[in-house]
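Asks: only geometry, no sequence info:
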């Protein structure tokens, strides 16, 4: 089965905290059967642009070394069952203040999705945790148009509601690389039912986050809680448009039995019991390829 994950913070962890042992490793990915692991280059911090640029360069250097003995995916279509490929994303677009030509560099090194914000306001937009009413800036609108021209999917995880709807009103089809359902866990970081319906209606995609604090308000999170969020999204029109966005190495805890990628087969067994093999196959990975094939065909996908 083709298995895709649209978000982990392993590059940041390796570059900025080299003494820490990441949970996303060749071994855990192989045990989990992960075919495509999207690795975020985190540039959404509160530091100045020079410091953010240095962090980005450090992650780029780490990835350049990492990929020497591994396969880089320049398209989700590069994912093959039975092997693991790595695709780049960006989390936070603060570096675009250096000029929109930065996007061309990102595209050239293989970045295929970019989160508009992290948890701080930037020149493009405002995150969920600041306010819900400040929309995209004029520069933000210019930036997301350029992203889509280059085949980089705008990522609405962390973005506030006003910015989210601005993107849809522009006719842009985004994804949420690592988000959950606010109806099941009332956190502004999660997407409301209205947002999910609108996103699915527009053809967008959601990778469900494995972070326990986004899955449930109290008690230990388990694999069934991840499945509950996927099931809720299916009820809002998400068939063919949902998958996994683990957030591994960016979260300090994980659901019981899903502490690292090696737990993914257990999640798939839970999904097969609930939804059957066909829906599970789509959620595991094929839906992501179809999203790119439909909206970013420059980089391919399932035909």
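Replies: Cool, the structure landed. Note that this is a predicted model, so its numbers are computed, not measured. Residues are numbered from 1 along each chain as shown.
Asks: for this protein, which segments count as helices?
Replies: 10-16, 26-32, 49-66, 101-109, 138-150, 161-169, 193-201, 212-215, 223-234, 264-281, 287-295 (DSSP state H).
Asks: so where's the stretch 201-303 of the chain shaky on pLDDT?
Replies: Residue ranges of the stretch 201-303 of the chain with pLDDT under 70: 298-303.
Asks: is it true that residue 157 touches residue 180?
Replies: No: at 9.8 Å, residue 157 does not count as touching residue 180 under the criterion of C-beta atoms under 8 Å. For every residue, glycine as well, the C-beta is placed using N, CA and C.
Asks: find the residues that touch each one of these two.
Replies: Listed as contacting both residue 157 and residue 180 by C-beta atoms under 8 Å, 6 or more residues apart in numbering are residue 209.
Asks: redo the helices of the chain as JSON lines? Include distance to residue 242.
Replies: Rendered in JSON lines, the data for the helices of the chain read as follows (distance: least, C-beta to C-beta, whole Å):
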{"stretch": "helix 10-16", "distance to residue 242": "23"}
{"stretch": "helix 26-32", "distance to residue 242": "18"}
{"stretch": "helix 49-66", "distance to residue 242": "27"}
{"stretch": "helix 101-109", "distance to residue 242": "26"}
{"stretch": "helix 138-150", "distance to residue 242": "21"}
{"stretch": "helix 161-169", "distance to residue 242": "17"}
{"stretch": "helix 193-201", "distance to residue 242": "9"}
{"stretch": "helix 212-215", "distance to residue 242": "15"}
{"stretch": "helix 223-234", "distance to residue 242": "5"}
{"stretch": "helix 264-281", "distance to residue 242": "10"}
{"stretch": "helix 287-295", "distance to residue 242": "6"}
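Asks: residue 265: neighbouring residues, count only.
Replies: The local packing of residue 265 (other C-beta atoms under 10 Å) involves 14 other residues.
Asks: out of the helices of the chain, flag the one nearest residue 39.
Replies: Nearest to residue 39 among those is helix 10-16 (4.9 Å), distances taken as C-beta to C-beta.
Asks: buried ones in the closest one?
Replies: Using 16 or more other C-beta atoms under 10 Å as the test for burial, helix 10-16 gives 10, 11, 12, 13, 14, 15.
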